[in-house]
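In: Sequence and predicted structure below; questions after.
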Amino acid sequence: MLPEYFEFSLPTKVVYGIGILGKIGDAVRPMGKRKALLVTDEILVKAGPVDKVKAGFKDTDIQIVATFDKVPPNSTIRCVEDCAKLAKKHQVDMLLAVGGGSVIDTAKVANILVKKGGKLEDNMGAYLLDPNEELLPMIVVPTTAGTGSEVTKVAVILDPVNNVKLPFAEEQFLPRLSVLDPEVTLSMPGKLTAATGMDALTHAIEAYVGKEWSPASDALALHAIRLVSRNLLQACAKPDDLEARGAMLVASFLAGVAFSHSMVGLVHSIAHALGGAYHIPHGLANALALPDVMEYNLDAQTERYADVAMALGVSFPQVVAQSQSLIKSGTMPDVLPSPVKAWFCSHGHKVRDLASRAVGNLGFIDRFFQLQAARAGAEKVRTLNRQLAHLTGMALNLKEAGVTDNLAKLQEVADKAMQDGSTLYNPKEPQRDDVIAIVQRIHDQQLTPMPVSDEDLRGTSGSGAGEKDAKGYFKDSETLYDVLVGFFEKLKAHPQIGPSLKKSNLIVQFRYKNPDAVITIDASGDEVHFYKGDEYKGTPEVTMSMNADFAHKFWHGKANLITALTRRQVQAKGNVPKTVKLLPILNPAYDLYPKYLREKGLGSIVIT
């Protein structure tokens, strides 16, 4: 079933890669020369990510002319206005946001004041800008993995006088470029990793079960749920695991795109209200409210919550649906006696169809299992909170989160939650008394941290800090020629690779840097020949330019050529598809290369 209407767009270009900030030139080159204001916070300036970003942009045409680093954890009206003033003072024509949701939201809303002026309150609302009005282009480097603000058209700013969060939504808020570099998230402390991860999970779940779901947001949301389920504990247990950190960044981005199209629900309404009244961090408020709101909504979206549970790793049998499929296909379960199976098969599709409909009348069995799975999904989230509390000290109720007045502002929280726009998209229309009960429950609940076992981490990469870009495997050009030409001769003699190489009839020229070298493989004649430097006098069919270290990693089987072409780590000219077709026949070379290096006494440069 499809909704009557839906839209989908992703105008923000997203680039991902470990250490990609050091190679950002190609991604920002289309933006031309710019004067940028860098928006961030003081903690990130001290922790290092800001210096990493500045270094990455140093050799680009984007000049960072000023830095605004006064963004608090919950950005305020005053903060946004001060940011806009600094941008105007330096006459910038770009904003560069480096930080979490508060930083990114500050840059988004300040952008309106830079272009339009006036008071912040005058611009509060949704889609007040004319579609043809333009704001300054934005580049965003998220340092947390949860808000998804790097790909959304919404922002939230705190009004501390009235204890309320002001919502903003404009198509023009969408950044021009979002840079996802897991290395930048390494400075996140455990509690922030946990809370922002649960923020991403909340975005994904509410996007999937809400009233405005769509096929595109469904796909993104479910994959985001899987990524969080498999990687959040790992990112907290082993903070230097860049693959887990990267998976969380991607989950945040996917969930951000999903909820931009499907919106969020009651969890966010309560979190916004708690943030305004008690200044509880948004991700933590979401984490505390999520399992209870899931249980509250179960009867309205049982099947979808069952899907969520499966994405979280909960398994349940679809007894009736699977039995119908078996009967219709003519495949009888092995538990049936042979004469019964033979009778079904001999009486053709009419009998099978009749049996299928009869089983279908027992569909309540599947609905029962779906309900149990949906409930298990909510409990899985509650367990995840407890495990995160064990790993990071994350609060497990509102008292631990800093509510010290015994919920004296409960009525205010309930009113603000009911008035929040997110409530409109909740799958079940909430009642005020229900909101009060949920908030009271997450204030009073007594949960204990739960230890995390190795089995709990088995779904993650566990690969440590990840492999860094290598530098300087070949000390000079002569060493490179000696190693690679000798290796190509070995491939030529290989019983599987050699004939396929000859059959290709290709003339491929490799141009290496650091150190410089040129090797041409000519398979156009009766024999395959290898030429060094300018020895080859013809015109190659394909020219491939790359760093020598990339070639070294490629022959170890540790570098993906297709990805490298996309990231422009390798520049290719000519009949590239014909060359790429050779990749499958090179599989034996990846084991051969390390052995070859050791035979030459070069075991020290083997990548293990």
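Out: Good, I have the coordinates. Numbering: from 1, shown residues only.

In: ok, residue 245 to residue 53 distance?
Out: 16 Å (CB to CB, to the nearest Å). Every C-beta, even on glycine, is put in place using the N, C-alpha and C of the backbone.

In: Residue 228 too?
Out: Counting by CB to CB - residue 228 and residue 53 are separated by 25 Å.

In: between these two, who's got more neighbours?
Out: Using other CB atoms under 10 Å as the criterion, residue 228 and residue 53 rank with residue 228 on top: 31 against 24.

In: Please name the residues that touch residue 518.
Out: 509-512, 532-534 (CB atoms under 8 Å, 6 or more residues apart in numbering).

In: Shouldn't it be within a strand?
Out: Yes: counting by DSSP: H, G, I helix; E, B strand; the rest coil, residue 518 is part of a strand.

In: Quick one: neighbours of residue 571, just the number.
Out: 12.

In: what does residue 576 give?
Out: 16.

In: you'd agree it is up against residue 542?
Out: Yes: using CB atoms under 8 Å, residue 576 makes contact with residue 542 at a distance of 6.3 Å.

In: Mind giving me the packing neighbours of the longest helix seen in the chain?
Out: Criterion DSSP state H: the longest helix present in the chain is helix 364-392. Contact analysis of helix 364-392 by 3 or more CB pairs under 8 Å, 6 or more residues apart in numbering; DSSP states H and E lists helix 190-209, helix 215-237, helix 282-297, helix 302-311, helix 319-329 as its packing neighbours.

In: Any idea which of those helices gets closest to residue 82?
Out: helix 282-297 (21.7 Å; CB to CB).

In: mean confidence for that closest one?
Out: Helix 282-297 carries an average pLDDT of 97.

In: Kindly report the same for stretch 537-547.
Out: On average, stretch 537-547 scores 93.

In: Buried residues in it, which are they?
Out: Within stretch 537-547, the residues that count as buried by 16 or more other CB atoms under 10 Å are 540-544, 546-547.

In: Equivalent analysis for stretch 136-147, please.
Out: 136-147.

In: Dump those residues to CSV, plus secondary structure.
Out: CSV is the format used below for the buried residues of stretch 136-147 (three-state DSSP):
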residue, secondary structure
136, coil
137, coil
138, strand
139, strand
140, strand
141, strand
142, strand
143, coil
144, coil
145, coil
146, coil
147, coil
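
In: Please identify which of these is nearest to residue 276.
Out: The closest of the buried residues of stretch 136-147, once distances to residue 276 are taken by CB to CB, is residue 147, at 16.9 Å.

In: Hmm, the closest one is touching residue 252, no?
Out: Yes: using CB under 8 Å, residue 147 is in contact with residue 252, at 6.8 Å.

In: Out of the buried residues of stretch 537-547, the closest to residue 239 would be?
Out: For those, the nearest to residue 239 is residue 547 (29.7 Å; CB to CB).

In: hmm, back to that, neighbour-wise, give me the winner out of the contacts of residue 518.
Out: residue 512 (23 neighbours).

In: Any figure for the gap between residue 270 and residue 396?
Out: 16 Å.

In: picking that back up, turn the buried residues of stretch 136-147 into JSON lines, columns for distance to residue 502.
Out: Output for those, formatted as JSON lines (distance: CB to CB, whole Å):
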{"residue": "136", "distance to residue 502": "57"}
{"residue": "137", "distance to residue 502": "51"}
{"residue": "138", "distance to residue 502": "53"}
{"residue": "139", "distance to residue 502": "49"}
{"residue": "140", "distance to residue 502": "50"}
{"residue": "141", "distance to residue 502": "48"}
{"residue": "142", "distance to residue 502": "50"}
{"residue": "143", "distance to residue 502": "52"}
{"residue": "144", "distance to residue 502": "54"}
{"residue": "145", "distance to residue 502": "49"}
{"residue": "146", "distance to residue 502": "54"}
{"residue": "147", "distance to residue 502": "55"}
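
In: coming back round to it: please work out which of the helices and strands packed on helix 364-392 is packed deepest.
Out: helix 190-209 (a mean of 28; mean count of other CB atoms under 10 Å).

In: for it, packing partners?
Out: Going by 3+ CB pairs under 8 Å, 6+ apart, helix 190-209 lies up against helix 215-237, helix 242-262, helix 266-278, helix 282-297, helix 302-311, helix 364-392.

In: who wins for proximity to residue 473 among these?
Out: Nearest to residue 473, of those and by CB to CB, is helix 242-262 at 21.5 Å.

In: Run through the neighbouring helices and strands of the closest one.
Out: Using 3+ CB pairs under 8 Å, 6+ apart, helix 242-262 sits against strand 13-16, strand 177-180, helix 190-209, helix 215-237.

In: Can you give me the buried ones in the helix or strand following the first one?
Out: Tracing the chain past strand 13-16, the next element assigned as helix or strand by DSSP states H and E is helix 25-28. Neighbour counts over helix 25-28 (16+ other CB under 10 Å) mark 27-28 as buried.

In: my read: residue 16 touches residue 180, true?
Out: Yes: contact between residue 16 and residue 180 holds when scored by CB under 8 Å: they sit 4.2 Å apart.

In: anything in contact with each of the two?
Out: Joint contacts of residue 16 and residue 180 (CB under 8 Å, 6+ apart) are 246, 249-250.

In: Of those residues - the most surrounded one?
Out: Counting neighbours by other CB under 10 Å, residue 249 leads the shared contacts of residue 16 and residue 180 with 27 neighbours.

In: Could you measure from residue 531 over to residue 507?
Out: Taking CB to CB, one finds residue 531 at 10 Å from residue 507.

In: Quick check: neighbours shared by those two?
Out: 520, 522.

In: and residue 417, what does it touch?
Out: Per CB under 8 Å, 6+ apart, neighbours of residue 417: 266, 269-270, 272-273, 423, 435, 439.

In: Looking at the residues you listed, point me to the pair that's furthest apart.
Out: 423 and 439 (13.6 Å).

In: Tell me which of the two has more neighbours.
Out: residue 439 (24 against 19).

In: Give me the distance between that one and residue 295.
Out: Counting by CB to CB, the gap from residue 439 to residue 295 is 14 Å.

In: Could you tell me the model confidence score at residue 334?
Out: pLDDT, read off for residue 334, is 49.

In: which stretch among the helices and strands packed on helix 364-392 comes nearest residue 414?
Out: Between these, helix 282-297 lies closest to residue 414; by CB to CB that is 12.8 Å.

In: I am finished for the moment; much appreciated.
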